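> Fold the following for me, if possible:
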Amino acid sequence: MENLKEEVEAALERIRTALRVEGGDVQLVDIDDGMVKVKLQGSCAGCPFSQMTLKNFIEKELKKSVKGVKGVVSA
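Residues are numbered from 1 along each chain as shown. The predicted structure is shown next:
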């Protein structure tokens, strides 16, 4: 579990680079049975496209980068 958290954090750090360009950020809240719970921050928190960002970008990248990630949900 700890190794999975480290891998997810490393992948999120790469994702944050893209989000920060737009004034946003993402925080890892929890990982439970392969489901990653995150909190969007900054401009991402109130953006009307936040669900698209969550599913089409963050979830897609995490599933591609980290074995064991089943999905991403908003906290």
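> Grab the nearest non-local neighbour of Glu9.
Spatial nearest neighbour of Glu9, chain neighbours left out: Leu28 (6.1 Å); criterion: Cβ to Cβ, 6 or more residues apart in numbering. Bear in mind the C-beta positions are built from the backbone N, C-alpha and C, glycine included.
> So the one you found belongs to a strand, correct?
Yes. Counting by DSSP: H, G, I helix; E, B strand; the rest coil, Leu28 falls inside a strand.
> Would you quantify the distance from Arg20 to Met52?
18 Å (Cβ to Cβ, to the nearest Å).
> which one of these two has more residues nearby?
Arg20 (14 against 10; other Cβ atoms under 10 Å).
> what helix or strand is that one on?
Counting by DSSP states H and E, the element that carries Arg20 is helix 2-21.
> which parts of that helix are buried?
Within helix 2-21, the residues scored as buried using 16 or more other Cβ atoms under 10 Å are 7-8, 11-12, 15-16, 19.
> Could you list the low-confidence segments of this protein?
Where the chain drops to pLDDT under 70, the residues are 1.
> any idea which residue sits dead centre in it?
Ile58 (4.5 Å; Cα atoms, centre = their mean).
> wait, doesn't Ser50 sit right on Leu40?
Yes. Between Ser50 and Leu40 there is a contact at 5.4 Å, judged by Cβ atoms under 8 Å.
> Could you check which of the two has the larger neighbour count?
Using other Cβ under 10 Å, the more surrounded residue of Ser50 and Leu40 is Leu40, with 21 against 16.
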